[in-house]
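>>> model this:
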Amino acid sequence: MTPASRTDLMSTQPSADRSTDPDTMSPKARKSEIAKILALGLVRASSLLKEPKAEVSESSPEELEEPEDADLSVAGLGPIGGPKPKPQPSKGGSRDRNDRSRDR
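Residues are numbered from 1 along each chain as shown. This next block holds a predicted model:
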């Protein structure tokens, strides 16, 4: 959907009344307002589904390029976007001084 058609869609459809305070509405009026909001959402969603999609072409493996100097190993990387993990101490290594579970 182009930005222009999205704007046209939004301007041609009624919008929910944002000036009404839900706390002062009767239960019947509140349910009616909720139904109107849900109906507007359904109309917008269905119009988006009906719009023709841009054609997407498949790429063949021959068309894909692999850089010559690419380092394809991920063994040394930490979690995505995070620091590398700290090395874990060995079982015979130091323990937390607050851990007294073995002292009992």
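>>> quick one: Ser32 and Val43, what's the gap?
To Val43, Ser32 is 16 Å away according to C-beta to C-beta, to the nearest Å. For glycine as for every other residue, the C-beta is placed from the backbone atoms N, C-alpha and C.
>>> in the protein, where is pLDDT below threshold?
For the chain, applying pLDDT under 70 flags the ranges 1-19, 54, 56, 61, 63-64, 66-67, 69-85, 90-104.
>>> switch the cut-off to 50
1, 3 (pLDDT under 50).
>>> and the longest helix for it?
Longest helix of the chain, by residue count under DSSP state H: helix 27-50.
>>> which helices and strands does that helix pack with?
The helices and strands touching helix 27-50, judged by 3 or more C-beta pairs under 8 Å, 6 or more residues apart in numbering; DSSP states H and E, are helix 3-12.
>>> what's the neighbour count on Pro27?
The tally of other residues near Pro27 (other C-beta atoms under 10 Å) stands at 7.
>>> no, scratch that, I was asking about Lys36
Per other C-beta under 10 Å, the neighbour tally for Lys36 reads 14.
>>> again, but for Lys31
11.
>>> residue contacts, it?
Counting by C-beta atoms under 8 Å, 6 or more residues apart in numbering, Lys31 makes contact with nothing.
>>> mind checking how far it is from Pro22?
Lys31 is 11 Å from Pro22, by C-beta to C-beta.
>>> how about the longest helix of the chain as PDB, C-alpha atoms only?
Written as PDB, here are the backbone C-alpha positions of helix 27-50 (Å, rounded to 0.1, in the frame of the first residue of the first chain):
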ATOM      1  CA  PRO A  27     -22.300   0.600  29.700                       C
ATOM      2  CA  LYS A  28     -24.400   0.500  26.500                       C
ATOM      3  CA  ALA A  29     -22.700   3.600  25.000                       C
ATOM      4  CA  ARG A  30     -19.200   2.100  25.900                       C
ATOM      5  CA  LYS A  31     -20.100  -1.200  24.200                       C
ATOM      6  CA  SER A  32     -21.300   0.700  21.200                       C
ATOM      7  CA  GLU A  33     -18.000   2.700  21.000                       C
ATOM      8  CA  ILE A  34     -15.900  -0.500  21.400                       C
ATOM      9  CA  ALA A  35     -17.900  -2.100  18.600                       C
ATOM     10  CA  LYS A  36     -17.400   0.900  16.300                       C
ATOM     11  CA  ILE A  37     -13.600   0.900  17.000                       C
ATOM     12  CA  LEU A  38     -13.400  -2.900  16.300                       C
ATOM     13  CA  ALA A  39     -15.500  -2.500  13.100                       C
ATOM     14  CA  LEU A  40     -13.200   0.300  11.800                       C
ATOM     15  CA  GLY A  41     -10.200  -2.000  12.500                       C
ATOM     16  CA  LEU A  42     -11.800  -4.800  10.500                       C
ATOM     17  CA  VAL A  43     -12.600  -2.600   7.600                       C
ATOM     18  CA  ARG A  44      -9.000  -1.300   7.500                       C
ATOM     19  CA  ALA A  45      -7.500  -4.800   7.800                       C
ATOM     20  CA  SER A  46      -9.700  -6.200   5.100                       C
ATOM     21  CA  SER A  47      -8.900  -3.400   2.700                       C
ATOM     22  CA  LEU A  48      -5.200  -4.000   3.300                       C
ATOM     23  CA  LEU A  49      -5.700  -7.700   2.500                       C
ATOM     24  CA  LYS A  50      -7.600  -6.900  -0.800                       C
END
